[in-house]
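Visitor: quick one, fold the following:
(chains A and B)
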Number of protein chains: 2
Amino acid sequence: MTKQEAGGRGRTNDPEGMRQRLLDAAFVAFTTRGYNATSVHDLKREAGATGGALSHHFPTKKDLGLAVLRDRVADAVEETWIAPVRTAPDAAQGIKQVFAAIAAELDGKGAVSGCPLNNLALELSRQDADFQNVIDDIFGRWRRAVADRIRADQEAGRYVGLDAETFATFVVAAYSGAMAMAKAGQSTEPLRVCAALLGKMMTEEAAA
Amino acid sequence: MTKQEAGGRGRTNDPEGMRQRLLDAAFVAFTTRGYNATSVHDLKREAGATGGALSHHFPTKKDLGLAVLRDRVADAVEETWIAPVRTAPDAAQGIKQVFAAIAAELDGKGAVSGCPLNNLALELSRQDADFQNVIDDIFGRWRRAVADRIRADQEAGRYVGLDAETFATFVVAAYSGAMAMAKAGQSTEPLRVCAALLGKMMTEEAAA
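Guide: Just a heads-up that it's a prediction; the model follows:
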């Protein structure tokens, strides 16, 4: 099939709406069931899309995987982590609020599917270099947002004992691992434990 | 095919050796490529096993997955984490040595495949309750070994400011997340950063 044919067959009255439906369905499937465990056939059914529509927007499954990372996983990290940390009264409160909000959401759902970025990072980083690069970029943006926030607070005289870069790495690691343990145990307890210890570290540095 | 036929066809002069070869091949495949991305066909080829031998030892792929978790992943956690932490001069030195040894090994290999337990935890915890239970048990043993070591040191007057249980959860989370970031960035830097900060936390508590 040529691209033109695929485009012709996939065209609907709302091609952008179809693209978004495909991304939504793929985001849920890839970050919960897994990229490799999800068939293109399932995705078409879940998005209500024809084969032509799918191959018009995403010629290969890998194209869809990269778009899910760039357009959905990156947004999830922005919304759940980067924006709240940026707008909180200070870094410590921002970090504690993010952990608490996510733990409360998971308790409400009664199930822990894990962090979308970490789920795909462990599945795909070694499978394909393009996936790895996009995943590492998102981790980098997340880490920098936490570091930037700590540095901004440091200019106001807080957390002067912390190294912003290394502590930001530590925060992202503790969250990522706590979410892995939460998923394994289907319990938000590891998130609450790690949030309390990170908060304690920051409070001690703030007072220092 | 009945079980008896499978057993008959799979029998060799060294059935236990064949079982171990299948487990070795499946451990590598499941923890690097992933459980869902590995076909039974690939496993037979990689282990040099017939279909009869495979179905004699592991009637289903899930049986093989559970055996890999119980007999290989649990052993990997025991060897890389539990035993070194138990035999180190103290908890802080044990934890720092484990991080350093793993980072050095990964630097030597030039590639980061990630933590076998975390890789399978994120892929399989929500796929199947039996997988989840075995994975959570292994995390529990790992966490308890760190907590037991901290408590033993506390009886000798060290780390009295730490809560052994919650700090053990934090150590396992920080390591797990650092390994996820290491895999995404193909760099051991997150492991070194997290080891240094955990060490600092413990040293401060030891001095307190």
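
Visitor: pass me the low-pLDDT residue ranges in chain A, would you?
Guide: Where chain A drops to pLDDT under 70, the residues are A:1-12, A:206-208.

Visitor: mind redoing it with 80?
Guide: For chain A, the stretches with pLDDT under 80 are A:1-13, A:205-208.

Visitor: for chain A, which helix extends over the most residues?
Guide: helix A:129-155 (DSSP state H).

Visitor: now find how far off-centre the following helix or strand past it is within its chain.
Guide: The element immediately downstream of helix A:129-155 (helix or strand, assigned by DSSP states H and E) is helix A:164-185. Centroid separation for helix A:164-185 versus its chain: 13 Å, with Cα atoms, centre = their mean, to the nearest Å.

Visitor: same check, this time on stretch A:13-30
Guide: Distance, centroid of stretch A:13-30 to centroid of chain: 17 Å (Cα atoms, centre = their mean).

Visitor: now do the contacts for residue A:15.
Guide: Contact analysis of residue A:15 by Cβ atoms under 8 Å, 6 or more residues apart in numbering or on different chains lists A:53, A:56, A:57. For glycine as for every other residue, the C-beta is placed from the backbone atoms N, C-alpha and C.

Visitor: okay, now the residue lying closest to the last one once chain neighbours are set aside: neighbour count?
Guide: Closest residue in space to residue A:57, ignoring its immediate chain neighbours: residue A:19 at 4.7 Å, by Cβ to Cβ, 6 or more residues apart in numbering or on different chains. One way to gauge burial is a neighbour count; for residue A:19, by other Cβ atoms under 10 Å in any protein chain shown, it gives 20.

Visitor: please, which helix or strand holds residue A:19?
Guide: Residue A:19 belongs to helix A:15-32 when assigned by DSSP H and E.

Visitor: what's the first helix or strand after that helix?
Guide: Assignment by DSSP H and E places the next element after helix A:15-32 at helix A:40-47.

Visitor: how far does the next helix or strand after that following helix sit from the chain's center?
Guide: Where DSSP H and E defines the elements, the next helix or strand beyond helix A:40-47 is helix A:51-57. Averaging C-alpha positions (Cα atoms, centre = their mean) puts helix A:51-57 26 Å from its chain's average.

Visitor: which strands and helices sit next to helix A:51-57?
Guide: helix A:3-10, helix A:15-32, helix A:40-47 (3 or more Cβ pairs under 8 Å, 6 or more residues apart in numbering or on different chains; DSSP states H and E).

Visitor: highest average neighbour count across the ones you listed?
Guide: Neighbour counts (mean count of other Cβ atoms under 10 Å in any protein chain shown) averaged over each of the helices and strands packed on helix A:51-57 peak at helix A:15-32, with a mean of 19.
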